[in-house]
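[1] structure of the sequence below:
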Amino acid sequence: MKFRLFMKIVGVKNVFRLVVSINKHGFNLLSLLDFVKNSSFLEAYLEDDYVKISYQKLYQESIALAYHLEVKHSIKTKSKVVIISNNSVAMIKTLFAVSSLGADIILLNPNQKKDYYKSIFENNTIHLLVGKNRKEFLDFNIPFFEENETITSSPLKRNAKRKNGNIIILSSGTKGKPKNEKRRLSAIKYINPVIDIIQKLNLIENKSVFISVPVFHGYGLAALFLSIFLKKKIRLTRKFDAKETLQILEQENINCWIVVPLMIQKVYAIRDLQTSALKSIISGGDILPAKVIENIHKTSNVAMYNMYGTSETGVCIIATNDDLKKYPNTIGKSILGVKMKVKNTKGKSIHNEDIGQLVVKCEWASDDKKDDFYTTGDLVSKNEEGYYFYKGRMDDLIVLGGENIYPNEIESMIYRNSKVKWVKARGSKENGVVGIHLDLLVEDRISFNEMEFQNWMTQEMPKYMLPKSIKVLDYEPVLKLM
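    Residues are numbered from 1 along each chain as shown. Okay, the predicted model is just below:
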C-alpha cells in the first residue's frame with residue numbers, strides 16, 4: 001500500500017529511473033545523483049556562495065573524486081572517513097564520492113574545539129579527514145584531503161557497485177556525552193517518512209530551496225537528500241548571517257526556507273521579509289515559539305511548518321501550516337510509520353492530557369534503536385485530537401515547592417511580552433535554595449526597564465513560575481540544534 005502511494009506521489013517513470021540507478025550503483029548516495037543527473041540546469045542545481053553546479057556535473061565530479069580517493073588514499077568499503085565542513089558544494093561532492101566507495105562517513109561540526117575531535121578520533125580508526133584547512137588538523141597525524149583540492153586524475157568511468165556504508169551523525173549531547181547515531185542507507189525503510197514529509201510539507205509545489213541548517217546535522221542532511229530527490233534548485237551558505245540570509249531570500253527567488261527557529265528570529269529582527277517568492281518556512285531542530293508563528297501568519301502569506309525529531313529517531317512529528325494556525329504552540333502530529341507513547345515516571349502510558357516522557361519507535365531510527373521504543377527524554381502532552389505539545393527536557397524539569405515547573409511553559413508566557421526577542425528558562429540553586437533563572441534577549445537593550453518587566457510578569461504569570469533572577473544578554477545566543 002505504501003509503495004503504491006509512493007509511486008503515485010513521485011511518478012511511475014521516476015520510480016523506474018530510481019530502480020535503474022540503484023541497480024547501477026547500489027544502495028549508496030551516488031544512486032541518488034544518477035537518478036537526478038539529467039535534470040535541466042535551469043530547473044535544478046546546487047549553489048553556494050561561490051559555485052553553481054548542475055546535478056549532471058556534480059555526478060561526474062563525484063565519480064572523479066571517488067576515483068581519486070580510492071587510488072590516492074585507499075578509501076574502500078569499511079573505511080572510515082570524517083568530513084568536517086560547513087555547507088558547500090565541495091562538502092556535498094565529497095559526501096557523495098565517499099558514499100559511492102562504500103565507506104562509513106562521520107559528519108562533524110567544523111566549529112568545535114580540538115579536544116572534541118580528539119575524543120572522537122581516539123575512539124575510532126579514521127582512514128581520512130576531509131575539510132577546508134589541512135593546517136588545523138596537523139596535530140592528529142591522520143591523512144587529510146582538502147575539499148577544494150584540484151583533482152588531476154579524473155576518469156569519468158562508472159563505478160562498480162559497492163556495499164552501502166553508514167552515515168554517522170553525533171547526537172547533540174542533550175543526554176550527556178554525544179554519541180554516534182549510525183544509519184545504513186536503505187530505500188525501503190525511508191518510504192514512509194518520505195511520503196508523509198512530501199505531502200505534509202507540500203514540497204512538490206516549491207521549485208527552489210534555501211537550506212540554512214548545517215548538513216552535518218541530521219535535519220540538514222535529510223533536507224539536502226530530499227531536495228535533491230525532488231530535483232530542486234538548492235541554495236547553501238557556509239555560515240549563517242542574518243543580513244546575508246535576508247538578502248538571499250529577497251533577491252534570489254527562494255520558495256522554501258529550511259531553518260532552525262533562532263534563524264527566523266534573527267532575520268525577522270531586522271525586518272519582516274519583503275518577497276512574494278517565499279511560499280513556506282520549514283523549522284526544526286529546536287522549539288518554534290508561538291510568537292514567531294503568529295507574527296509570520298499576521299504579516300505575510302508564508303506557510304509555516306514545524307518538524308520535531310531527535311538525532312536518534314530522525315523526524316517523527318510534523319505540524320502543518322493549518323495545525324500551527326489552530327495551535328501555534330503544537331509540535332504537530334506523528335507521521336506515517338511512527339509509533340508513540342507518552343509515559344509517566346513509572347513507565348506506564350498516559351492516555352489523557354497529562355505531561356509525560358515521549359517514547360518513539362520507527363523504522364528509520366539509528367541502527368541500534370530501530371527495533372525498540374526509544375525514550376527521548378522530552379516531556380510532552382497530547383490532546384484528544386492527537387496533537388503533541390512540547391514541555392521541555394526531563395533533565396530540565398524544575399521542582400519547586402512541590403510543583404513541577406516546565407521551562408518551556410515559562411518561556412511561552414514570556415514570549416507574550418513584545419519587548420522579548422529570545423528567552424531561556426532554567427533551574428538555579430543558590431545557597432541551597434532552588435529557584436528559576438531567565439536569560440533574556442530584548443528588542444532594545446537601552447530602553448528596556450527590568451522593573452517594569454518584573455511587574456508585567458507578576459500580573460501575567462502564576463507566582464510559583466516567577467524567576468528569582470534575570471540576566472539581560474548583550475549578545476545573541478548560539479544557534480542550537482536538538
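[2] got the buried residues for the host helix or strand of S62?
    Element membership for S62 (DSSP states H and E) is helix 55-73. Residues of helix 55-73 classed as buried by neighbour count (16 or more other CB atoms under 10 Å): 55-70, 73. (Glycine included, C-beta is placed from N, CA and C.)
[3] so K266 is in contact with E476, correct?
    Yes: K266 is in contact with E476 according to CB atoms under 8 Å; the separation is 6.8 Å.
[4] if you count what's nearby, which of these two comes out ahead?
    Neighbours were counted for K266 and for E476 using other CB atoms under 10 Å; K266 has more, 21 against 14.
[5] return the distance of the more buried one relative to W422.
    K266 sits 9 Å away from W422, going by CB to CB, to the nearest Å.
[6] equivalent analysis for K52, please.
    Taking CB to CB, one finds K52 at 34 Å from W422.
[7] neighbour count winner among those two?
    Legend: neighbour count by other CB under 10 Å for K52 and W422, higher for W422 (20 against 13).
[8] the residue nearest to the more buried one when sequence neighbours are not counted: what's it in contact with?
    For W422, ignoring the flanking residues on the chain, the nearest one in space by CB to CB, 6 or more residues apart in numbering is L441 at 3.9 Å. Residues counted as contacts of L441 (CB atoms under 8 Å, 6 or more residues apart in numbering) are 420-423, 472-473, 476-477.
[9] can you tell me what sits against the helix holding S62?
    30, 33-34, 36-39, 41, 44-46, 53, 75-76, 81, 89, 92-94, 96-98, 100-101, 127-128, 143, 145, 151, 153-159, 228, 231.
[10] out of these, name the ones that lie in strands.
    Those of the contacts of helix 55-73 mapping onto strands are 45-46, 53, 81, 128, 145, per DSSP state E.
[11] those into a markdown table, with extra columns for pLDDT, neighbour count and distance to C316?
    Below are these laid out as a markdown table (pLDDT from 0 to 100; neighbours: other CB atoms under 10 Å; distance: CB to CB, whole Å):
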| residue | pLDDT | neighbour count | distance to C316 |
| --- | --- | --- | --- |
| Y45 | 97 | 23 | 31 |
| L46 | 97 | 23 | 28 |
| I53 | 97 | 19 | 33 |
| V81 | 96 | 26 | 29 |
| L128 | 96 | 21 | 33 |
| F145 | 95 | 21 | 35 |
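[12] of those, closest to N255?
    Y45 (14.3 Å; CB to CB).
[13] which residues touch stretch 236-249?
    46-49, 86-89, 92, 210-212, 215, 235, 254, 257, 263, 266-267, 269-271, 273, 275, 278, 479.
[14] let's see it at 7 Å
    47-49, 86-88, 210-212, 235, 254, 257, 263, 266-267, 270, 273, 275, 278, 479 (CB atoms under 7 Å, 6 or more residues apart in numbering).
[15] what do you get for stretch 276-290?
    With CB under 7 Å, 6+ apart, stretch 276-290 has contacts from 201-202, 205-206, 213, 217, 219, 249, 253-262, 264, 296, 302-307, 309, 328-329, 390, 408, 412, 415, 480-482.
[16] show me which pair in the ones in strands among the contacts of helix 55-73 is furthest apart.
    Most distant of the ones in strands among the contacts of helix 55-73, by CB to CB, are Y45 and L128, 27.9 Å apart.
[17] show the buried residues in the contacts of stretch 276-290.
    201-202, 206, 213, 217, 219, 249, 254-262, 264, 296, 302-307, 309, 328-329, 390, 408, 412, 415, 481-482.
[18] if we can go back for a sec, just how off-centre is the helix holding S62 within its chain?
    The chain centre lies 27 Å from the centre of helix 55-73; the measure is CA atoms, centre = their mean, to the nearest Å.
[19] so where's this structure shaky on pLDDT?
    1-10, 153-164, 170-192, 364-371, 478-482 (pLDDT under 70).
[20] show me it divided up by domain.
    2-184, 240-395, 397-472 (automatic domain parsing).
[21] what is the end-to-end distance of stretch 126-146?
    16 Å (CA to CA, to the nearest Å).
[22] after the helix or strand where K243 lies comes which helix or strand?
    Using DSSP H and E, K243 falls within helix 242-251. The helix or strand immediately downstream of helix 242-251 is strand 256-259, counting by DSSP H and E.
[23] hmm, who's touching that following strand?
    Against strand 256-259 from outside (CB under 7 Å, 6+ apart): 206, 209-213, 223, 249, 278-283.
[24] Y406 against L379, yeah?
    Yes: under the criterion of CB atoms under 7 Å, Y406 makes contact with L379 at 6.3 Å.
[25] what do these two both touch?
    Common neighbours of Y406 and L379 (criterion: CB under 7 Å, 6+ apart): 355, 391-392, 397.
[26] D323: which of those residues is nearest?
    Closest to D323, out of all of the shared contacts of Y406 and L379 and judged by CB to CB, is K391, at 17.7 Å.
[27] so what's the backbone phi/psi at the closest one?
    phi -120, psi -10 (degrees, to the nearest 10).
[28] check contacts around it.
    355, 379-381, 406, 408-409 are the contacts of K391 under CB under 7 Å, 6+ apart.
[29] most neighbours of all the residues you listed, which one?
    Neighbour-wise, the contacts of K391 (other CB under 10 Å) top out at L379, 23 neighbours.
[30] pretty sure that residue sits against G392.
    Yes: L379 is within contact range of G392, at 5.3 Å (criterion: CB under 7 Å).
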